[in-house]
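*Asks:* below is the sequence, then the predicted model.
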Amino acid sequence: MKNWFSVCVLAAHLGLIVLAGAEVNFVAEKYAGVATTGSDGTYKLRAQPGENKVFIRKMPEGYDPTDLGGDTPEARAALGQLVPEKYSDPQKSELKFTVPDAGASNADFQITSK
C-alpha cells in the first residue's frame with residue numbers, strides 16, 4: 001500500500017525577514033496539509049508526495065476571521081494580509097513544491113513583499 005503522506009520541514013521567509021506565525025498550506029490532488037511557522041520560520045506538515053500547490057498567509061496580530069464578513073480574500077486584504085496575493089491566495093499562488101516519496105527536509109520559500 002502506497003504511503004500518500006510525507007513530512008516536510010521547510011522555512012518561509014519574506015525577503016530577509018523570517019515569517020513567524022504564518023499559515024503554510026500544501027494542496028495536492030487527494031490531500032491538503034497545513035502548518036504554522038515557528039519563530040525561526042520553520043514548520044512541519046504532512047503532504048501528499050508529488051506536486052503540491054502552496055500558499056502562505058500571514059495576518060496582523062489580533063486578526064479575527066469574523067471581522068468584515070469572514071475568511072475571504074477580500075476580507076483578508078481589507079484587514080491587512082501581510083503576504084502578497086500571488087503567494088497567499090489559494091487560486092492565484094505561484095508557489096509549487098514537489099514532495100518526494102521519502103519526504104523533504106531542505107526546501108525554503110523565498111517570497112518577496114511585492
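*Replies:* Great, that's in hand. Numbering: from 1, shown residues only.

*Asks:* just checking, residue 27 touches residue 53?
*Replies:* Yes. Using C-beta atoms under 8 Å as the test, residue 27 is close enough to residue 53 to be in contact (4.7 Å). C-betas here are computed from N, CA, C, even on glycine.

*Asks:* got any residues that touch both of the two?
*Replies:* Each of residue 90 lies in contact with both residue 27 and residue 53 under the rule C-beta atoms under 8 Å, 6 or more residues apart in numbering.

*Asks:* and the residue lying closest to residue 85 once chain neighbours are set aside, how far is that from residue 43?
*Replies:* Distance criterion C-beta to C-beta, 6 or more residues apart in numbering; nearest residue to residue 85, sequence neighbours excluded, is residue 92 at 5.6 Å. Shown here: residue 92 relative to residue 43, a distance of 22 Å by C-beta to C-beta, to the nearest Å.

*Asks:* what does residue 99 give?
*Replies:* Relative to residue 43, residue 99 is positioned 14 Å away (criterion: C-beta to C-beta).

*Asks:* neighbour count: residue 92 and residue 43, which is higher?
*Replies:* With neighbours defined as other C-beta atoms under 10 Å, residue 92 and residue 43 compare such that residue 43 has more, 21 against 12.

*Asks:* any idea what that one is bridged to?
*Replies:* Beta-bridge pairing of residue 43, defined through DSSP bridges, involves residue 10.

*Asks:* so it touches residue 33, yeah?
*Replies:* No. Using C-beta under 8 Å, residue 43 makes no contact with residue 33, being 9.8 Å away.

*Asks:* give me the spatial nearest neighbour of residue 33, chain neighbours excluded.
*Replies:* Spatial nearest neighbour of residue 33, excluding adjacent residues (C-beta to C-beta, 6+ apart): residue 45 at 4.0 Å.
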